[in-house]
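**Student:** Generate a structure from the sequence data that follows.
(one chain, ligands or ions: 2)
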Amino acid sequence: MRYSMPGFNKALVAAALSAVLLSLLSSQAQEPVPEIRISESTGLPIVYPYHGMLLNHDLTVIQPTAENIAAVLTAFNTSLEETLTDTSKTRFSPIKADARQAFAGNPEGQLLAEASLTYWLIDNGSSQQQRSYYSVFKAVEAWAGLAPISSSRIRFSKLPAVTTELQGMGLDQFFAETPAAANYIETCRQSRVPIPPDWGSSQWILQGTLDGNYTFAGDPTNITQVFAYSDPNVPGACLALPRRDKDTNEIGLLGIICQSAETGKACFWDNIDKTTGQRLSGAAGEKFAITSIQDGSNVAENCTNCHRGYNVFLIHPGTALEVSDPFITDPAARYEPISGQPTWGNPAPLLNAGNAPCALCHEIPTFGGNNNTLPPFDSAFCKILEGVVDKTMPSIAKPAGWKTPAPKFAPHVNMFREICEGVAVAGGGSGG
Ligand code: HEC
Ligand code: HEC
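**Tutor:** Numbering: from 1, shown residues only. Ligands and ions are numbered 1, 2, ... in the order given. Got it, this is the predicted structure:
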(Lines give C-alpha, C1' and ligand atoms only; values in the text may rest on other atoms or scores of the structure.)
(Ligands and ions follow the chains in the order given, each with its own letter.)
Protein backbone atom coordinates (compact mmCIF):
# COMPACT_ATOMS: atom_id res chain seq x y z
CA MET A 1 0.00 0.00 0.00
CA ARG A 2 1.31 3.45 -0.87
CA TYR A 3 0.90 6.30 1.56
CA SER A 4 0.89 9.68 -0.01
CA MET A 5 -0.22 13.26 0.10
CA PRO A 6 -3.55 13.88 -1.54
CA GLY A 7 -4.04 16.83 -3.85
CA PHE A 8 -7.63 17.32 -2.79
CA ASN A 9 -9.16 19.18 -5.67
CA LYS A 10 -12.70 18.55 -4.57
CA ALA A 11 -13.95 20.48 -1.62
CA LEU A 12 -16.60 17.83 -1.17
CA VAL A 13 -14.12 15.10 -0.42
CA ALA A 14 -11.81 17.31 1.58
CA ALA A 15 -14.60 18.55 3.81
CA ALA A 16 -15.91 15.08 4.33
CA LEU A 17 -12.60 13.65 5.51
CA SER A 18 -12.52 13.52 9.25
CA ALA A 19 -9.51 14.67 11.21
CA VAL A 20 -8.89 11.08 12.18
CA LEU A 21 -8.63 9.95 8.61
CA LEU A 22 -6.45 12.86 7.69
CA SER A 23 -3.95 11.57 10.21
CA LEU A 24 -3.40 8.65 7.87
CA LEU A 25 -1.82 10.82 5.31
CA SER A 26 1.90 11.26 5.10
CA SER A 27 3.87 13.76 3.14
CA GLN A 28 5.18 12.10 -0.05
CA ALA A 29 3.68 13.79 -3.10
CA GLN A 30 1.39 11.55 -5.17
CA GLU A 31 -1.55 11.68 -7.52
CA PRO A 32 -4.65 13.46 -6.29
CA VAL A 33 -7.53 11.49 -4.83
CA PRO A 34 -9.98 10.88 -7.69
CA GLU A 35 -13.32 12.60 -7.32
CA ILE A 36 -15.88 10.44 -5.53
CA ARG A 37 -19.24 11.64 -6.77
CA ILE A 38 -22.46 11.07 -4.84
CA SER A 39 -25.34 9.85 -7.01
CA GLU A 40 -28.31 12.18 -7.16
CA SER A 41 -30.56 9.18 -7.61
CA THR A 42 -29.34 6.82 -4.90
CA GLY A 43 -27.57 9.21 -2.53
CA LEU A 44 -24.61 6.79 -2.48
CA PRO A 45 -21.10 7.20 -3.88
CA ILE A 46 -20.85 6.14 -7.52
CA VAL A 47 -18.17 3.45 -7.69
CA TYR A 48 -17.86 0.42 -9.94
CA PRO A 49 -15.97 -2.71 -8.86
CA TYR A 50 -14.41 -4.07 -12.08
CA HIS A 51 -11.94 -6.95 -12.22
CA GLY A 52 -10.56 -6.20 -8.77
CA MET A 53 -10.25 -2.48 -9.46
CA LEU A 54 -12.53 0.28 -8.28
CA LEU A 55 -13.64 2.91 -10.81
CA ASN A 56 -15.29 6.27 -10.18
CA HIS A 57 -18.17 7.77 -12.19
CA ASP A 58 -15.97 8.63 -15.16
CA LEU A 59 -14.24 5.22 -14.99
CA THR A 60 -11.01 6.57 -13.52
CA VAL A 61 -9.18 3.80 -11.66
CA ILE A 62 -9.11 4.55 -7.93
CA GLN A 63 -5.84 3.02 -6.70
CA PRO A 64 -6.10 1.38 -3.26
CA THR A 65 -3.82 3.84 -1.49
CA ALA A 66 -4.52 4.68 2.13
CA GLU A 67 -5.90 8.11 1.33
CA ASN A 68 -8.07 6.84 -1.53
CA ILE A 69 -9.48 4.11 0.70
CA ALA A 70 -10.17 6.69 3.38
CA ALA A 71 -11.90 8.94 0.85
CA VAL A 72 -14.12 6.13 -0.44
CA LEU A 73 -15.08 4.91 3.04
CA THR A 74 -15.77 8.46 4.13
CA ALA A 75 -17.93 9.07 1.08
CA PHE A 76 -19.97 5.96 1.95
CA ASN A 77 -20.31 6.87 5.59
CA THR A 78 -21.14 10.53 5.00
CA SER A 79 -23.81 9.74 2.45
CA LEU A 80 -25.25 6.82 4.40
CA GLU A 81 -25.41 8.84 7.61
CA GLU A 82 -27.69 11.29 5.85
CA THR A 83 -30.22 8.55 5.20
CA LEU A 84 -30.64 7.82 8.94
CA THR A 85 -33.71 8.87 10.89
CA ASP A 86 -33.09 11.36 13.69
CA THR A 87 -33.35 8.58 16.28
CA SER A 88 -30.75 6.48 14.50
CA LYS A 89 -28.50 9.51 14.08
CA THR A 90 -28.57 9.96 17.85
CA ARG A 91 -27.65 6.32 18.37
CA PHE A 92 -24.93 6.52 15.75
CA SER A 93 -23.06 9.43 17.20
CA PRO A 94 -21.44 7.68 20.26
CA ILE A 95 -20.73 4.58 18.17
CA LYS A 96 -18.95 6.67 15.58
CA ALA A 97 -16.92 8.46 18.24
CA ASP A 98 -16.00 5.17 19.90
CA ALA A 99 -15.02 3.50 16.64
CA ARG A 100 -12.80 6.39 15.63
CA GLN A 101 -11.10 6.59 19.01
CA ALA A 102 -10.49 2.89 19.37
CA PHE A 103 -7.83 2.87 16.68
CA ALA A 104 -6.12 6.20 17.26
CA GLY A 105 -2.58 5.92 15.90
CA ASN A 106 -3.35 2.73 13.97
CA PRO A 107 -4.09 3.68 10.35
CA GLU A 108 -5.24 0.24 9.27
CA GLY A 109 -7.44 -0.10 12.32
CA GLN A 110 -8.99 3.24 11.49
CA LEU A 111 -9.93 2.02 8.05
CA LEU A 112 -11.42 -1.11 9.58
CA ALA A 113 -13.39 0.98 12.02
CA GLU A 114 -14.75 3.06 9.16
CA ALA A 115 -15.74 -0.10 7.33
CA SER A 116 -17.52 -1.39 10.45
CA LEU A 117 -19.41 1.86 10.62
CA THR A 118 -20.44 1.46 7.01
CA TYR A 119 -22.03 -1.89 7.85
CA TRP A 120 -23.80 -0.35 10.83
CA LEU A 121 -25.09 2.47 8.65
CA ILE A 122 -26.32 0.17 5.92
CA ASP A 123 -28.06 -1.99 8.49
CA ASN A 124 -29.73 0.95 10.19
CA GLY A 125 -30.60 2.95 7.09
CA SER A 126 -34.10 3.04 5.69
CA SER A 127 -33.13 1.70 2.28
CA GLN A 128 -35.06 -1.12 0.70
CA GLN A 129 -31.84 -2.12 -1.01
CA GLN A 130 -29.81 -3.18 2.00
CA ARG A 131 -28.76 -6.50 0.57
CA SER A 132 -27.50 -4.78 -2.54
CA TYR A 133 -25.63 -2.16 -0.55
CA TYR A 134 -23.90 -4.88 1.47
CA SER A 135 -22.95 -6.61 -1.73
CA VAL A 136 -21.50 -3.44 -3.26
CA PHE A 137 -19.65 -2.61 -0.08
CA LYS A 138 -18.16 -6.09 0.26
CA ALA A 139 -16.51 -5.60 -3.12
CA VAL A 140 -15.19 -2.21 -1.95
CA GLU A 141 -13.74 -3.93 1.12
CA ALA A 142 -12.07 -6.57 -1.02
CA TRP A 143 -10.56 -3.82 -3.21
CA ALA A 144 -9.29 -2.04 -0.10
CA GLY A 145 -7.67 -5.24 1.14
CA LEU A 146 -9.72 -5.04 4.31
CA ALA A 147 -11.76 -8.15 3.67
CA PRO A 148 -9.34 -10.77 5.01
CA ILE A 149 -8.98 -8.91 8.28
CA SER A 150 -12.66 -8.18 8.55
CA SER A 151 -13.42 -11.86 8.68
CA SER A 152 -11.68 -12.13 12.02
CA ARG A 153 -13.29 -10.66 15.11
CA ILE A 154 -10.48 -8.20 15.73
CA ARG A 155 -12.64 -5.40 14.60
CA PHE A 156 -15.30 -6.09 17.17
CA SER A 157 -13.15 -6.81 20.17
CA LYS A 158 -11.49 -3.42 19.76
CA LEU A 159 -14.71 -1.50 19.39
CA PRO A 160 -16.78 -1.99 22.54
CA ALA A 161 -19.71 0.22 21.60
CA VAL A 162 -19.86 -1.14 18.08
CA THR A 163 -19.52 -4.69 19.33
CA THR A 164 -22.41 -4.39 21.74
CA GLU A 165 -24.55 -2.76 19.11
CA LEU A 166 -23.69 -5.28 16.42
CA GLN A 167 -24.14 -8.30 18.65
CA GLY A 168 -27.49 -6.97 19.76
CA MET A 169 -28.51 -6.87 16.13
CA GLY A 170 -26.96 -10.21 15.27
CA LEU A 171 -24.86 -8.25 12.80
CA ASP A 172 -21.56 -9.81 13.75
CA GLN A 173 -22.90 -12.96 12.13
CA PHE A 174 -23.33 -11.03 8.95
CA PHE A 175 -19.67 -10.11 8.91
CA ALA A 176 -18.61 -13.69 8.55
CA GLU A 177 -17.21 -14.23 5.07
CA THR A 178 -19.54 -16.12 2.77
CA PRO A 179 -17.96 -19.56 2.82
CA ALA A 180 -17.10 -20.91 -0.61
CA ALA A 181 -19.42 -23.73 -1.63
CA ALA A 182 -17.58 -26.97 -0.95
CA ASN A 183 -18.81 -28.45 -4.20
CA TYR A 184 -18.64 -25.49 -6.60
CA ILE A 185 -16.50 -27.25 -9.19
CA GLU A 186 -18.63 -30.40 -8.89
CA THR A 187 -21.80 -28.37 -9.49
CA CYS A 188 -20.18 -26.80 -12.54
CA ARG A 189 -19.07 -30.19 -13.83
CA GLN A 190 -22.55 -31.64 -13.40
CA SER A 191 -23.95 -28.71 -15.40
CA ARG A 192 -21.61 -29.62 -18.27
CA VAL A 193 -19.45 -26.51 -17.73
CA PRO A 194 -15.82 -27.03 -18.80
CA ILE A 195 -13.56 -26.97 -15.73
CA PRO A 196 -10.53 -24.70 -16.13
CA PRO A 197 -7.05 -26.20 -15.83
CA ASP A 198 -4.92 -24.90 -12.98
CA TRP A 199 -3.30 -21.56 -13.70
CA GLY A 200 0.17 -21.99 -15.18
CA SER A 201 -0.90 -25.06 -17.18
CA SER A 202 0.09 -25.18 -20.86
CA GLN A 203 -3.53 -26.03 -21.65
CA TRP A 204 -4.31 -22.33 -21.38
CA ILE A 205 -3.72 -20.87 -24.86
CA LEU A 206 -2.67 -17.22 -25.19
CA GLN A 207 -4.99 -15.40 -27.65
CA GLY A 208 -3.20 -12.06 -27.56
CA THR A 209 -3.22 -8.75 -25.75
CA LEU A 210 -6.46 -6.86 -25.34
CA ASP A 211 -6.52 -3.57 -27.28
CA GLY A 212 -6.75 -0.91 -24.57
CA ASN A 213 -8.86 1.31 -26.87
CA TYR A 214 -11.77 -1.03 -26.46
CA THR A 215 -11.48 -2.13 -22.87
CA PHE A 216 -14.10 -0.93 -20.44
CA ALA A 217 -11.59 0.96 -18.33
CA GLY A 218 -7.84 0.99 -18.56
CA ASP A 219 -5.23 1.05 -15.89
CA PRO A 220 -2.35 2.60 -17.85
CA THR A 221 0.19 0.75 -15.71
CA ASN A 222 -1.07 -2.64 -16.91
CA ILE A 223 -1.60 -4.76 -19.99
CA THR A 224 -4.40 -7.30 -20.28
CA GLN A 225 -3.88 -10.70 -21.86
CA VAL A 226 -6.56 -13.08 -23.11
CA PHE A 227 -6.16 -16.83 -22.53
CA ALA A 228 -8.59 -19.56 -23.60
CA TYR A 229 -9.15 -23.21 -22.82
CA SER A 230 -11.45 -25.80 -24.33
CA ASP A 231 -12.16 -29.36 -23.27
CA PRO A 232 -12.70 -31.68 -26.27
CA ASN A 233 -15.27 -33.64 -24.26
CA VAL A 234 -17.17 -30.70 -22.78
CA PRO A 235 -18.15 -28.15 -25.46
CA GLY A 236 -17.97 -24.49 -24.46
CA ALA A 237 -15.13 -22.19 -23.51
CA CYS A 238 -13.08 -20.92 -20.62
CA LEU A 239 -11.59 -17.45 -20.94
CA ALA A 240 -9.04 -15.94 -18.55
CA LEU A 241 -8.04 -12.30 -18.37
CA PRO A 242 -4.76 -11.74 -16.52
CA ARG A 243 -3.65 -8.14 -16.04
CA ARG A 244 0.13 -7.74 -15.94
CA ASP A 245 2.13 -4.82 -14.58
CA LYS A 246 3.93 -3.17 -17.50
CA ASP A 247 7.15 -2.78 -15.50
CA THR A 248 7.39 -5.98 -13.50
CA ASN A 249 5.27 -8.25 -15.75
CA GLU A 250 3.60 -9.58 -12.59
CA ILE A 251 -0.02 -10.63 -12.68
CA GLY A 252 -2.13 -8.45 -10.42
CA LEU A 253 -5.70 -9.39 -11.27
CA LEU A 254 -6.99 -12.47 -13.02
CA GLY A 255 -10.62 -13.44 -13.68
CA ILE A 256 -11.76 -16.70 -15.24
CA ILE A 257 -15.14 -17.56 -16.73
CA CYS A 258 -16.22 -20.91 -18.21
CA GLN A 259 -19.51 -21.51 -20.00
CA SER A 260 -21.15 -24.68 -21.24
CA ALA A 261 -22.18 -24.61 -24.91
CA GLU A 262 -24.93 -27.12 -24.09
CA THR A 263 -26.58 -25.82 -20.92
CA GLY A 264 -25.52 -22.15 -20.96
CA LYS A 265 -24.49 -22.49 -17.30
CA ALA A 266 -21.41 -20.44 -16.43
CA CYS A 267 -18.86 -20.55 -13.60
CA PHE A 268 -16.55 -17.83 -12.28
CA TRP A 269 -13.18 -17.61 -10.53
CA ASP A 270 -10.98 -14.78 -9.29
CA ASN A 271 -7.29 -15.03 -8.26
CA ILE A 272 -8.02 -14.39 -4.58
CA ASP A 273 -6.76 -17.10 -2.25
CA LYS A 274 -9.74 -18.83 -0.63
CA THR A 275 -8.18 -19.15 2.80
CA THR A 276 -6.22 -15.91 3.19
CA GLY A 277 -8.42 -13.63 1.09
CA GLN A 278 -5.25 -12.25 -0.54
CA ARG A 279 -4.71 -11.70 -4.26
CA LEU A 280 -2.22 -14.15 -5.70
CA SER A 281 0.49 -12.06 -7.30
CA GLY A 282 4.22 -12.36 -7.90
CA ALA A 283 5.45 -15.96 -8.11
CA ALA A 284 2.28 -17.22 -6.40
CA GLY A 285 0.25 -15.61 -9.18
CA GLU A 286 1.89 -17.58 -12.01
CA LYS A 287 0.94 -21.05 -10.85
CA PHE A 288 -1.95 -22.06 -8.61
CA ALA A 289 -4.74 -24.63 -8.31
CA ILE A 290 -8.20 -23.59 -9.42
CA THR A 291 -9.55 -25.15 -6.23
CA SER A 292 -7.47 -22.71 -4.17
CA ILE A 293 -9.11 -19.48 -5.37
CA GLN A 294 -12.45 -17.76 -4.76
CA ASP A 295 -15.28 -18.70 -7.07
CA GLY A 296 -18.77 -17.52 -8.00
CA SER A 297 -20.14 -18.86 -4.74
CA ASN A 298 -18.19 -16.41 -2.57
CA VAL A 299 -16.24 -13.80 -4.52
CA ALA A 300 -17.38 -10.33 -3.35
CA GLU A 301 -17.31 -8.59 -6.74
CA ASN A 302 -20.58 -9.31 -8.51
CA CYS A 303 -19.46 -10.53 -11.95
CA THR A 304 -23.09 -10.67 -13.15
CA ASN A 305 -23.53 -6.89 -12.89
CA CYS A 306 -21.71 -6.80 -16.21
CA HIS A 307 -21.51 -10.39 -17.45
CA ARG A 308 -25.13 -10.78 -18.56
CA GLY A 309 -27.03 -11.32 -21.77
CA TYR A 310 -27.56 -14.38 -23.94
CA ASN A 311 -24.00 -15.55 -23.33
CA VAL A 312 -21.86 -14.81 -20.28
CA PHE A 313 -19.01 -13.26 -22.23
CA LEU A 314 -18.51 -9.60 -23.06
CA ILE A 315 -16.78 -9.75 -26.38
CA HIS A 316 -15.59 -6.64 -28.14
CA PRO A 317 -15.60 -7.80 -31.79
CA GLY A 318 -12.27 -7.47 -33.57
CA THR A 319 -10.20 -7.83 -30.37
CA ALA A 320 -8.33 -10.80 -28.89
CA LEU A 321 -11.57 -11.65 -27.07
CA GLU A 322 -13.22 -12.70 -30.32
CA VAL A 323 -12.22 -16.35 -30.12
CA SER A 324 -13.35 -19.01 -32.57
CA ASP A 325 -13.29 -22.79 -33.03
CA PRO A 326 -12.75 -24.82 -30.81
CA PHE A 327 -13.96 -22.23 -28.31
CA ILE A 328 -17.75 -21.95 -28.37
CA THR A 329 -19.05 -18.75 -26.78
CA ASP A 330 -22.70 -18.90 -27.88
CA PRO A 331 -24.57 -21.60 -25.96
CA ALA A 332 -27.64 -23.59 -27.04
CA ALA A 333 -29.57 -22.22 -24.05
CA ARG A 334 -29.54 -18.72 -22.53
CA TYR A 335 -26.76 -18.35 -20.00
CA GLU A 336 -27.32 -18.81 -16.26
CA PRO A 337 -24.64 -18.08 -13.65
CA ILE A 338 -23.75 -20.74 -11.09
CA SER A 339 -23.31 -18.86 -7.85
CA GLY A 340 -25.78 -19.21 -4.99
CA GLN A 341 -25.21 -15.57 -3.97
CA PRO A 342 -28.61 -13.83 -3.87
CA THR A 343 -27.43 -10.75 -5.77
CA TRP A 344 -26.15 -12.80 -8.71
CA GLY A 345 -28.26 -13.58 -11.76
CA ASN A 346 -28.95 -13.00 -15.43
CA PRO A 347 -32.28 -11.17 -15.39
CA ALA A 348 -34.58 -11.31 -18.44
CA PRO A 349 -33.48 -9.05 -21.31
CA LEU A 350 -34.68 -5.50 -21.88
CA LEU A 351 -34.98 -6.23 -25.62
CA ASN A 352 -35.18 -9.67 -27.13
CA ALA A 353 -32.87 -10.62 -29.97
CA GLY A 354 -34.31 -9.78 -33.38
CA ASN A 355 -35.68 -6.42 -32.24
CA ALA A 356 -34.13 -3.94 -34.72
CA PRO A 357 -32.12 -1.81 -34.74
CA CYS A 358 -30.01 -2.48 -31.65
CA ALA A 359 -31.14 -5.95 -30.74
CA LEU A 360 -31.08 -7.14 -34.34
CA CYS A 361 -28.04 -9.36 -33.78
CA HIS A 362 -28.25 -10.07 -30.02
CA GLU A 363 -30.50 -9.32 -27.05
CA ILE A 364 -29.96 -6.18 -24.99
CA PRO A 365 -29.70 -7.17 -21.32
CA THR A 366 -31.49 -5.30 -18.59
CA PHE A 367 -29.41 -2.67 -16.78
CA GLY A 368 -30.11 -2.78 -13.02
CA GLY A 369 -27.27 -4.00 -10.81
CA ASN A 370 -27.30 -6.94 -8.38
CA ASN A 371 -29.81 -9.05 -10.27
CA ASN A 372 -31.92 -5.97 -10.97
CA THR A 373 -32.44 -5.02 -7.33
CA LEU A 374 -30.45 -1.79 -7.78
CA PRO A 375 -31.90 0.94 -10.00
CA PRO A 376 -30.59 1.05 -13.57
CA PHE A 377 -29.08 4.51 -13.21
CA ASP A 378 -25.44 4.53 -12.11
CA SER A 379 -25.36 0.88 -13.18
CA ALA A 380 -22.17 -0.72 -14.42
CA PHE A 381 -23.96 -2.12 -17.45
CA CYS A 382 -25.05 1.39 -18.46
CA LYS A 383 -21.39 2.37 -18.43
CA ILE A 384 -20.52 -0.56 -20.67
CA LEU A 385 -23.29 0.38 -23.08
CA GLU A 386 -22.17 3.98 -23.24
CA GLY A 387 -18.65 2.88 -24.14
CA VAL A 388 -19.57 0.35 -26.82
CA VAL A 389 -22.20 2.58 -28.44
CA ASP A 390 -19.52 5.26 -28.79
CA LYS A 391 -16.82 2.88 -30.04
CA THR A 392 -17.82 -0.54 -31.36
CA MET A 393 -21.59 -1.05 -31.77
CA PRO A 394 -22.98 -1.91 -34.25
CA SER A 395 -19.50 -1.66 -35.84
CA ILE A 396 -16.15 -0.04 -35.17
CA ALA A 397 -16.38 1.69 -38.56
CA LYS A 398 -19.76 3.23 -37.74
CA PRO A 399 -20.56 3.33 -34.03
CA ALA A 400 -24.09 4.56 -33.29
CA GLY A 401 -23.00 7.28 -30.82
CA TRP A 402 -24.34 7.64 -27.28
CA LYS A 403 -25.14 11.36 -26.89
CA THR A 404 -26.26 12.09 -30.46
CA PRO A 405 -26.99 8.69 -31.99
CA ALA A 406 -27.18 8.06 -35.73
CA PRO A 407 -30.86 8.37 -36.78
CA LYS A 408 -31.22 4.67 -37.49
CA PHE A 409 -30.24 3.73 -33.91
CA ALA A 410 -31.71 6.77 -32.15
CA PRO A 411 -34.95 5.14 -30.95
CA HIS A 412 -33.07 2.48 -29.00
CA VAL A 413 -30.03 4.45 -27.93
CA ASN A 414 -32.21 7.35 -26.67
CA MET A 415 -34.30 4.90 -24.71
CA PHE A 416 -31.17 3.34 -23.15
CA ARG A 417 -29.88 6.77 -22.23
CA GLU A 418 -33.14 7.76 -20.60
CA ILE A 419 -33.21 4.56 -18.56
CA CYS A 420 -29.57 5.00 -17.56
CA GLU A 421 -30.07 8.62 -16.58
CA GLY A 422 -33.16 7.77 -14.57
CA VAL A 423 -35.43 9.86 -16.80
CA ALA A 424 -37.72 7.12 -18.05
CA VAL A 425 -38.63 3.73 -16.65
CA ALA A 426 -37.50 0.45 -18.21
CA GLY A 427 -39.36 -0.26 -21.44
CA GLY A 428 -40.30 3.42 -21.65
CA GLY A 429 -40.42 5.95 -24.45
CA SER A 430 -38.03 6.68 -27.23
CA GLY A 431 -37.94 10.46 -27.11
CA GLY A 432 -34.76 12.45 -27.15
C1 HEC B 1 -17.96 -3.46 -14.22
C2 HEC B 1 -18.23 -4.50 -15.18
C3 HEC B 1 -17.58 -5.86 -14.98
C4 HEC B 1 -17.55 -6.64 -13.86
C5 HEC B 1 -18.18 -6.37 -12.51
C6 HEC B 1 -16.84 -7.85 -14.22
N7 HEC B 1 -16.45 -7.78 -15.53
FE8 HEC B 1 -15.37 -9.19 -16.52
N9 HEC B 1 -15.44 -8.04 -18.21
C10 HEC B 1 -16.05 -6.82 -18.31
C11 HEC B 1 -15.84 -6.30 -19.65
C12 HEC B 1 -16.38 -4.98 -20.19
C13 HEC B 1 -15.08 -7.27 -20.34
C14 HEC B 1 -14.53 -7.18 -21.76
C15 HEC B 1 -13.06 -6.79 -21.70
C16 HEC B 1 -12.88 -5.45 -21.03
O17 HEC B 1 -13.34 -4.44 -21.56
O18 HEC B 1 -12.30 -5.44 -19.93
C19 HEC B 1 -14.85 -8.35 -19.41
C20 HEC B 1 -14.13 -9.49 -19.70
C21 HEC B 1 -13.92 -10.54 -18.84
C22 HEC B 1 -13.24 -11.78 -19.19
C23 HEC B 1 -12.75 -12.16 -20.59
C24 HEC B 1 -13.89 -12.88 -21.33
C25 HEC B 1 -15.01 -11.92 -21.75
O26 HEC B 1 -16.14 -12.09 -21.26
O27 HEC B 1 -14.74 -10.99 -22.53
C28 HEC B 1 -13.19 -12.55 -18.07
C29 HEC B 1 -12.59 -13.92 -17.95
C30 HEC B 1 -13.84 -11.79 -17.02
N31 HEC B 1 -14.27 -10.58 -17.52
C32 HEC B 1 -14.00 -12.25 -15.72
C33 HEC B 1 -14.73 -11.58 -14.75
C34 HEC B 1 -14.97 -12.11 -13.43
C35 HEC B 1 -14.51 -13.45 -12.93
C36 HEC B 1 -15.69 -11.16 -12.76
C37 HEC B 1 -16.16 -11.19 -11.31
C38 HEC B 1 -15.13 -11.46 -10.33
C39 HEC B 1 -15.90 -10.04 -13.67
N40 HEC B 1 -15.31 -10.33 -14.86
C41 HEC B 1 -16.58 -8.88 -13.35
C42 HEC B 1 -16.74 -6.15 -17.33
C43 HEC B 1 -16.89 -6.59 -16.03
C1 HEC C 1 -24.75 -6.25 -36.91
C2 HEC C 1 -24.95 -6.98 -35.69
C3 HEC C 1 -24.97 -6.12 -34.42
C4 HEC C 1 -25.73 -5.00 -34.15
C5 HEC C 1 -26.75 -4.31 -35.02
C6 HEC C 1 -25.37 -4.60 -32.80
N7 HEC C 1 -24.45 -5.47 -32.28
FE8 HEC C 1 -23.75 -5.47 -30.37
N9 HEC C 1 -22.57 -7.09 -30.77
C10 HEC C 1 -22.49 -7.73 -32.00
C11 HEC C 1 -21.50 -8.80 -31.90
C12 HEC C 1 -21.12 -9.75 -33.04
C13 HEC C 1 -21.00 -8.77 -30.58
C14 HEC C 1 -19.93 -9.68 -29.97
C15 HEC C 1 -20.37 -11.08 -29.85
C16 HEC C 1 -20.83 -11.52 -28.51
O17 HEC C 1 -20.82 -10.75 -27.52
O18 HEC C 1 -21.23 -12.68 -28.39
C19 HEC C 1 -21.70 -7.70 -29.91
C20 HEC C 1 -21.51 -7.36 -28.58
C21 HEC C 1 -22.20 -6.37 -27.90
C22 HEC C 1 -22.06 -6.09 -26.50
C23 HEC C 1 -21.18 -6.84 -25.49
C24 HEC C 1 -19.74 -6.78 -25.83
C25 HEC C 1 -19.06 -5.50 -25.56
O26 HEC C 1 -18.44 -4.96 -26.51
O27 HEC C 1 -19.09 -5.02 -24.40
C28 HEC C 1 -22.88 -5.04 -26.21
C29 HEC C 1 -23.08 -4.38 -24.87
C30 HEC C 1 -23.53 -4.66 -27.44
N31 HEC C 1 -23.11 -5.50 -28.45
C32 HEC C 1 -24.44 -3.61 -27.56
C33 HEC C 1 -25.02 -3.23 -28.76
C34 HEC C 1 -25.84 -2.04 -28.90
C35 HEC C 1 -26.18 -1.07 -27.80
C36 HEC C 1 -26.24 -2.00 -30.21
C37 HEC C 1 -27.07 -0.91 -30.89
C38 HEC C 1 -26.41 0.39 -30.96
C39 HEC C 1 -25.67 -3.16 -30.86
N40 HEC C 1 -24.92 -3.86 -29.97
C41 HEC C 1 -25.89 -3.49 -32.19
C42 HEC C 1 -23.25 -7.43 -33.12
C43 HEC C 1 -24.16 -6.40 -33.23
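
**Student:** count of neighbours near whichever residue of the stretch 51-200 of the chain sits closest to ligand 1?
**Tutor:** Among all residues of the stretch 51-200 of the chain, His51 sits closest to ligand 1, at 5.5 Å; criterion: C-beta to the nearest ligand atom. All C-beta spots, glycine's among them, are computed from the backbone N, C-alpha and C. Residues lying near His51 (other C-beta atoms under 10 Å) number 20.

**Student:** before we move on, what about Ile223?
**Tutor:** Ile223 has 16 nearby residues by other C-beta under 10 Å.

**Student:** what's across from it in the sheet?
**Tutor:** Arg244 (DSSP bridges).

**Student:** So Thr104, which state does it fall into?
**Tutor:** Careful, residue 104 is Ala; it's not Thr. coil (DSSP: H, G, I helix; E, B strand; the rest coil).

**Student:** now the strands for the protein?
**Tutor:** With DSSP state E applied, the chain shows strands at 48-50, 53-55, 205-209, 222-231, 234-245, 251-260, 265-273, 293-295, 336-337, listed in chain order.

**Student:** Dump those into CSV; add mean pLDDT and distance to ligand 2 as well.
**Tutor:** Shown next, in CSV, are these (pLDDT from 0 to 100; distance: least, C-beta to the nearest ligand atom, whole Å):
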stretch, mean pLDDT, distance to ligand 2
strand 48-50, 95, 12
strand 53-55, 95, 15
strand 205-209, 97, 15
strand 222-231, 96, 14
strand 234-245, 97, 11
strand 251-260, 96, 11
strand 265-273, 96, 13
strand 293-295, 95, 23
strand 336-337, 98, 16
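
**Student:** Switch these over to TSV, and while doing so, append distance to Phe216 to every line.
**Tutor:** Converted to TSV, the strands of the chain look like this (distance: least, C-beta to C-beta, whole Å):
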stretch	distance to Phe216
strand 48-50	6
strand 53-55	8
strand 205-209	16
strand 222-231	10
strand 234-245	11
strand 251-260	12
strand 265-273	16
strand 293-295	21
strand 336-337	19
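
**Student:** Of all those strands, which one comes closest to Asn183?
**Tutor:** Among the strands of the chain, the nearest to Asn183 by C-beta to C-beta is strand 293-295 (10.7 Å).

**Student:** close to ligand 1, is the closest one?
**Tutor:** No: with C-beta under 6 Å from any ligand atom as the criterion, ligand 1 is not reached by strand 293-295; the gap is at least 8.1 Å.

**Student:** Show me which residues of that strand are buried.
**Tutor:** Buried residues in strand 293-295, counted by 16 or more other C-beta atoms under 10 Å: Ile293, Gln294, Asp295.

**Student:** Contacts only, for the residue nearest to the last one when sequence neighbours are not counted.
**Tutor:** For Asp295, the nearest residue in space outside its immediate sequence neighbours is Tyr184; the separation is 4.7 Å by C-beta to C-beta, 6 or more residues apart in numbering. Under the criterion of C-beta atoms under 8 Å, 6 or more residues apart in numbering, the neighbours of Tyr184 are Cys267, Asp295, Gly296, Ser297, Ile338.

**Student:** Can you give me the pLDDT of the third one?
**Tutor:** By that I understand Gly296. On the pLDDT scale, Gly296 is placed at 97.

**Student:** got the contact list for it?
**Tutor:** Taking C-beta under 8 Å, 6+ apart as the test, what Gly296 contacts is Tyr184, Cys267, Phe268, Trp269, Cys303, Pro337, Ile338, Ser339, Gly340, Gln341, Trp344.

**Student:** Narrow the residues you listed to just the buried residues.
**Tutor:** Tyr184, Cys267, Phe268, Trp269, Cys303, Pro337, Ile338, Ser339, Gln341, Trp344.

**Student:** Would you confirm that the third one contacts Glu301?
**Tutor:** Same thing as Phe268. No: counting by C-beta atoms under 8 Å, Phe268 does not reach Glu301; the two are 9.4 Å apart.

**Student:** Let me see the ranges of the helices in the stretch 51-200 of the chain.
**Tutor:** Using DSSP state H, counting those that start in this stretch, the helices of the stretch 51-200 of the chain run over 66-82, 86-102, 107-124, 130-144, 147-150, 154-157, 160-168, 171-175, 184-190.

**Student:** Please produce JSON lines containing those, extended by mean pLDDT.
**Tutor:** Converted to JSON lines, the helices of the stretch 51-200 of the chain look like this (pLDDT from 0 to 100):
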{"stretch": "helix 66-82", "mean pLDDT": "93"}
{"stretch": "helix 86-102", "mean pLDDT": "86"}
{"stretch": "helix 107-124", "mean pLDDT": "82"}
{"stretch": "helix 130-144", "mean pLDDT": "84"}
{"stretch": "helix 147-150", "mean pLDDT": "52"}
{"stretch": "helix 154-157", "mean pLDDT": "50"}
{"stretch": "helix 160-168", "mean pLDDT": "63"}
{"stretch": "helix 171-175", "mean pLDDT": "53"}
{"stretch": "helix 184-190", "mean pLDDT": "97"}
